[in-house]
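Asks: Okay, sequence plus prediction incoming.
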Amino acid sequence: EDVTLKSATENNFFVGVAVSEARTNIAAYDQLYTTEFSSITAENDMKMASIFTGIDGSGNIIYDWSKIDALIDYAEDNNLNVHGHTLIWHRSIPEALENFTGTDQEFEDLIEQYITDVFTRYQGRINSWDVVNEAIDDDASIQWRNTLFLQRMGDNYVEKCFAFARAADPNVKLFYNDYNMTFDGTKRGKVLDMVDDLLASDLIDGVGYQMHIDYNFPTKEEIQQATDELVAKDVLVHFAELDVKLNAANDLTDLTEERSQAQRQRVREVVEIFNAIPQNKKYAITVWGLKDDDTWLIPENNGRPEWPLLFDESFERKPAYLGFLEGL
Ligand code: XIL
C-alpha cells in the first residue's frame, strides 16, 4: 500500500490543502485531494466576497451559497475535515459593504448577521473557521490594521466578531490567522497578546501561522521559537498556508535540482517542528495549493516565477513532498 501524506499523519494531525470548488470536478485534482489530504481549506470560495453578494431593498444580505455548499458536500463525501477561511478579511470585502451608507450600528448588525447566518446554515459541518484574518498591522508602532471593520466597529471589532461567532455556534473551533509570524517578533507579540485577551473570555480555540516562507528564510531556530511561543498558549496550532519560495532573489528562471533539495530540507524542518508540538495542540498543516502552477505566487502578483508547493505541474510528487514525509 502506497504511503500518502494522509496515511502518514493519520491519528496525528490533519494535512490540508487549499482547494477551489471548480477543481474538485477535475479528476486529477480530485484524486490527489482525496488520497493525499485529510482536510481542505477553500483558497477563495468561502471568503466573504464570494458568499455575501449584495444587500436587498429591505436591508437583508443576499447570499450565494453554491460553492460553499458544494465544497462541504464534497468534504463529507470524501471524509475530509473542513477549515473555514475566512469570515472577516480586509482583502475580501463585498462591494455592498464597501459602499454601505448606513450607520455604524447597522454595519455591525450586518456583520453579526453574516457570521450568524453562515454558522447556522452549516451547523455541525464545518469544524473550524478563521474568524478574522490579518488584523494586526505590520508597522510595529500600530496595533490594529486600519480596515473598514476597524473604522465601522471600533478597535474591539476583532473581539466582537469572535463573540458573534461563539454565540452563533459554540461547537465551532475559532481561529485567528496571520502572516510573518515566524520572524516578526513584534507582530507576533501583538498577536499573542490578543490571543491572551480572547482566551480570557473563552473566545478563541486556535491560531494559524500562515507560513509563507522561503527555503533559506527565516531560520529553523526562528520558526521553532515562534512555534514555542504559540504552544505556550492554550490553543490549537495550524500552519495554515504553507508554501516555500525558492526564488526571492530572482536568481532562477527554471527550477534547479539543488534548490528543489533545499526546499525538501525546509519542508522537513517545518514538519519536524510541527510534529513535535504536544499532541492535543496539533491541529493541521495546510499547504496553500496543490501544484506549482496553481500557486498564488504567480509572476503577475509576485514579480518572478516560483515553485512553492509539494506537487509539480504534472501532479507528480516533488522532493518537497518527500521532505514532508521525512519530517514525521
Ligand atoms: C489568496 C489566494 O491564494 C488568491 O487566489 C487570491 O487572489 C487572494 O488571496 N493570505 C491569506 C489567503 O489568508 O486568503 C490569501 O489567499 C493569501 C494570503
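Replies: Received, thanks. Numbering: from 1, shown residues only.
Asks: Surely Phe239 forms part of a strand?
Replies: Yes. According to DSSP: H, G, I helix; E, B strand; the rest coil, Phe239 belongs to a strand.
Asks: what residues are up against it?
Replies: By Cβ atoms under 8 Å, 6 or more residues apart in numbering, the contact set of Phe239 is Gly208, Tyr209, Met211, Val270, Phe274, Ala284, Ile285, Thr286. For glycine as for every other residue, the C-beta is placed from the backbone atoms N, C-alpha and C.
Asks: Tell me the one of these nearest the ligand?
Replies: Closest approach between those and the ligand, by Cβ to the nearest ligand atom: Gly208, at 8.3 Å.
Asks: all helices in the stretch 151-300 of the chain, in order from the N-terminus.
Replies: 157-168, 185-200, 220-231, 257-275, 299-302 (DSSP state H, counting those that start in this stretch).
Asks: Residues of this protein that sit close to the ligand?
Replies: Proximity of the chain to the ligand, by Cβ under 6 Å from any ligand atom, involves residues Glu43, Asn44, Asn133, Gln210, Glu241, Trp296.
Asks: re the thing from before, and the two most separated of the contacts of Phe239?
Replies: Pairwise distances across those (Cβ to Cβ) peak at 13.9 Å, for the pair Gly208 and Val270.
Asks: Quick one, grab the pLDDT at the nearest residue to Val287 once chain neighbours are set aside.
Replies: In this structure, Val287 finds its nearest non-sequential neighbour in Leu242, 4.9 Å apart by Cβ to Cβ, 6 or more residues apart in numbering. Looking at Leu242, its pLDDT is 99.
Asks: Where does the stretch 101-250 of the chain get nearest to the ligand, residue-wise?
Replies: Going by Cβ to the nearest ligand atom, the ligand is nearest to Asn133 of the stretch 101-250 of the chain, at 4.9 Å.
Asks: Was I right to think that residue contacts Thr86?
Replies: Yes. If you go by Cβ atoms under 8 Å, Asn133 and Thr86 touch, sitting 4.1 Å apart.
Asks: picking up where we left off before, which among the residues of the chain next to the ligand count as buried?
Replies: Glu43, Asn133, Gln210, Glu241, Trp296 (16 or more other Cβ atoms under 10 Å).
Asks: Can you tell me the number of residues neighbouring the residue nearest to Val287?
Replies: Neighbours of Leu242 under the rule other Cβ atoms under 10 Å: 29.
Asks: Please shift the residue numbers so they start at 50 in all later answers.
Replies: All right, first residue 50 from here; so that's Leu291.
Asks: From Pro348, how far out is it?
Replies: Separation of Leu291 from Pro348 (Cβ to Cβ, to the nearest Å) stands at 21 Å.
Asks: Whichever residue of the stretch 200-349 of the chain sits closest to the ligand: what's it in contact with?
Replies: Residue nearest to the ligand within the stretch 200-349 of the chain: Trp345 (3.3 Å; Cβ to the nearest ligand atom). Contacts of Trp345 were listed using Cβ under 8 Å, 6+ apart, and they are Glu92, Trp337, Gly338.
Asks: Can you check the pLDDT for it?
Replies: Model confidence at Trp345, given as pLDDT, is 98.
Asks: go on, Trp138?
Replies: The per-residue pLDDT reported for Trp138 equals 98.
Asks: ok, and the closest non-adjacent residue to it?
Replies: The shortest distance from Trp138 to any non-neighbouring residue, by Cβ to Cβ, 6+ apart, is to Asn182 (4.1 Å).
Asks: Kindly list the main-chain dihedrals of the one you found?
Replies: Phi and psi for Asn182, reported as degrees, to the nearest 10, are phi -120, psi 130.
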